[in-house]
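> I would like to see how this sequence folds:
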Amino acid sequence: MDLPFVVSAPGKVIIFGEHAAVYNKPAIAAALSLRTYLLVTPNEDSELIRLEFPDIHFNKSWRKDHFPWDQKPNYNGKSSLSQELEPELVDALSLFLADITSPFHYSSAYTFLYLYISLVSKTVPGATFSVRSTLPIGAGLGSSASISVCLATAFALLDGHISKPTIGRDERTLSESADCQFIEAWSFQGEKCLHGNPSGIDNAVATHGGAVMFQRKEGSMPSVRTSMRNFPSLRLLLTNTKTARRTATLVANVSTLVTEFAKTSEFILNAIDSLTREAYILMTKPVLDAEARRRLRELIRINHGLLISLGVSHPSLEKIRMTADLLALGETKLTGAGGGGCAITLLKESVEESKVLELVEELENEGFETFETTLGGKGVGATFNPTLDPSEFIKMDRIQIEHNVWISDWKFW
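Residues are numbered from 1 along each chain as shown. Have a look, this model is predicted:
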């Protein structure tokens, strides 16, 4: 594979069904136009591997001739992937991570090395891997999964496990390709390095794009995932409250409510189930017309009200919702665990940009962080022979990345 090249994968938001999903109800997650980008460039020293991740202030180099290649897993495609990480390789990697003290940096380097040694041959020349994200890191928007997808894709390209992508930005995708399935499977291994027991939803959305409906099954039954790869893009305002929250605590509080008020909470969860299924029907229509979009916005509003009933909203989230409601720009709900975190406002098609800017100004004056983005859109993609200076790439801000990198001739799997 000729260098340089760039791969990119989107973040995600849960738009319907959060918390109810814990109780085996369906939920829908969709890709964002906010993305992670990975630039791969050659090194003068072919034995040197470098990871640059300026968004989390992390740089690290290794000599690949020192890597534990004798512990490299002997996989033959997706079907032979182990359900668990390879313990011998996990143990061998500890030597290469011993001097990293930050847990965030440690997990990033661990994921990088595990996927690199698993997917790249010893004979492939070393390279520099520069990671940039236009997603807020650690805000529940799938940033770690989009990074795992980028790493798995870049390593698979380097060693010839997958072909170059061929689908244009505006072309529809008829089915999931074998290459996409390979990327999804290996990015899930990366998510295991980061999270231990991930759901697999974040990396599925980052790989395939569009939207995904997923549902856990009871006991040992496998979860059900249905992709909506050609779901049309919708205008969205994403607002980060910057309010810290613990997902485990919020899930536990809902569990207490469900136990104490079993009958009432059953009605709430069933209502979320019903609106999620209705949203799925709307989102899979051949054409998402004005009436379907209006109904989606109404379902957003209803879903948020039900989440309030479960006790997972927060004053900061309500302030965002009320500010957007006063300007009548669309409908707002929390996304993810709640208790802070992020809110999404699904904007009306007729909204003028000046009104959106007015809302952005009001929210930012309250100390919130806003992102104008779109819902849906393409999954993992790549552009080859980019005219990017690596030293400039790692200094770019979010707007510069979108203007200088995302405008390239991208192809998708």
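
> Identify each of the strands in the chain and give its residue range.
Along the chain, counting by DSSP state E, strands occupy 5-16, 27-42, 48-53, 58-63, 127-133, 211-215, 224-228, 234-240, 330-335, 342-347, 369-375, 381-384, 411-412.

> Check which helices and strands the shortest one sits against.
This means strand 411-412. Contact analysis of strand 411-412 by 3 or more C-beta pairs under 8 Å, 6 or more residues apart in numbering; DSSP states H and E lists strand 381-384 as its packing neighbours. Yep, even glycine has a C-beta here, placed from its N, CA and C like the rest.

> before we move on, back to that, okay if I get the strands of the chain as CSV plus mean pLDDT and distance to Ser187?
As requested, these are exported to CSV (pLDDT from 0 to 100; distance: least, C-beta to C-beta, whole Å):
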stretch, mean pLDDT, distance to Ser187
strand 5-16, 96, 8
strand 27-42, 95, 11
strand 48-53, 97, 17
strand 58-63, 97, 20
strand 127-133, 97, 14
strand 211-215, 91, 14
strand 224-228, 83, 14
strand 234-240, 95, 22
strand 330-335, 97, 21
strand 342-347, 96, 22
strand 369-375, 93, 21
strand 381-384, 96, 14
strand 411-412, 96, 15
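
> Any idea how many residues pack against Ile100?
When neighbours are defined as other C-beta atoms under 10 Å, Ile100 has 16 of them.

> how about the helix or strand of the chain with the lowest mean pLDDT: buried residues?
Of all helical and strand segments in the chain, the minimum by mean pLDDT, DSSP states H and E falls on strand 224-228, at a mean of 83. Going by neighbour count (16 or more other C-beta atoms under 10 Å), the buried part of strand 224-228 is 225, 227-228.

> Pick the most buried one from the strands of the chain.
Among the strands of the chain, strand 5-16 has the highest mean neighbour count (mean count of other C-beta atoms under 10 Å), at a mean of 28.

> can you dump the C-alpha coordinates of that one into CSV?
Taking Å, rounded to 0.1, in the frame of the first residue of the first chain, the C-alpha atoms of strand 5-16 are listed here in CSV:
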residue,chain,number,x,y,z
PHE,A,5,-3.4,7.9,2.9
VAL,A,6,-6.2,8.9,5.3
VAL,A,7,-9.0,6.8,6.7
SER,A,8,-12.0,8.3,8.5
ALA,A,9,-15.0,7.0,10.4
PRO,A,10,-18.0,8.7,12.0
GLY,A,11,-19.1,9.1,15.6
LYS,A,12,-22.7,8.3,16.6
VAL,A,13,-25.6,9.3,18.7
ILE,A,14,-28.4,7.2,20.1
ILE,A,15,-31.6,8.9,18.8
PHE,A,16,-34.2,6.5,20.2
